[in-house]
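Asker: I'll drop the sequence and a predicted model, then ask my questions.
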Amino acid sequence: MSSSPSNSSLLHTDVRNLYSNHHHWLVNWLRRRLRNAENADDMAQDTFLYVLGKPEQVAQLREPRAWLSSIAKGLIIDRYRRQQVEQAYLQALAHVPEQDMPSPEERLILLETLTRIDALLDGLKPNVRTAFLLSRLEGLGYQAIAERLEVSVSSVEKYMATAIRHCFLARASL
């Protein structure tokens, strides 16, 4: 569905008004939560970048601050999770011999891939997530996974079915 020039102009006006009316409030809200002015400014900008991708939702807003804070909370969680993935990746790299160390470009690609996998698996119960990762990343069979997790093979089968269904639905919603 394409918007007409006048409709598009109204959407841009709505976004501009949302920014003008709520940017300062959002920055202050983020500063209280993040305790860092620079991170709060960055996160506010990230929030409004997200909003720019959803201008049609702005016109329908009844509670703009609730919507903006919800977006910002999600972005904070995403940033925190990315930092956790990055930290785990750097710890793993510390054990890699110098001659096997990936290039900076490869490290960035690997980190991005790990972050996407982490986001894709978000919401799975720990045993389901672990079973899936043991199967796909370490190549373990269901029996070995069952032994490692101290569960039955039929539980591993259920975990894998759940994880595969979750991944399929997550990919379909992208």
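Answerer: It's in.

Asker: Where does residue 171 sit: helix, strand or coil?
Answerer: helix (DSSP: H, G, I helix; E, B strand; the rest coil).

Asker: now the helix or strand hosting residue 24: how far from the chain's centre is it?
Answerer: In this assignment (DSSP states H and E), residue 24 forms part of helix 5-34. Distance of helix 5-34 from the chain centroid (Cα atoms, centre = their mean, to the nearest Å) equals 22 Å.

Asker: Can you point out the buried residues in it?
Answerer: The neighbour-count check on helix 5-34 (16 or more other Cβ atoms under 10 Å) flags 11, 14-15, 18-19, 22-23, 26-27, 29-31, 34 as buried. For the C-beta atoms, the positions are set from N, CA and C on the backbone; glycine is no exception.

Asker: Please name every helix or strand in contact with it.
Answerer: Packing partners of helix 5-34 (3 or more Cβ pairs under 8 Å, 6 or more residues apart in numbering; DSSP states H and E): helix 37-52, helix 55-58, helix 64-93.

Asker: ok, back up a step: from the buried residues of helix 5-34, which single one is nearest residue 145?
Answerer: Closest approach between the buried residues of helix 5-34 and residue 145, by Cβ to Cβ: residue 34, at 38.8 Å.

Asker: Now that closest one: closest residue in space, sequence neighbours ignored.
Answerer: Ranked by Cβ to Cβ, 6 or more residues apart in numbering and with sequence neighbours excluded, the top spatial neighbour of residue 34 is residue 40, at 5.2 Å.

Asker: Tell me, how many residues neighbour that neighbour?
Answerer: By the criterion of other Cβ atoms under 10 Å, residue 40 has 20 neighbours.

Asker: same deal with residue 46?
Answerer: Counted with other Cβ under 10 Å, residues neighbouring residue 46 total 17.

Asker: before we move on, what about residue 61?
Answerer: Applying other Cβ under 10 Å, we find 15 residues neighbouring residue 61.

Asker: and it, which of the three is it?
Answerer: Of the three states, residue 61 takes coil according to three-state DSSP.

Asker: Check the gap between it and residue 113 for me.
Answerer: Distance, residue 61 to residue 113, by Cβ to Cβ, to the nearest Å: 35 Å.

Asker: got it, and residue 65?
Answerer: 35 Å.

Asker: and these two? which has more neighbours close in?
Answerer: Taking neighbours as other Cβ under 10 Å, residue 65 and residue 113 compare with residue 65 leading, 14 against 10.
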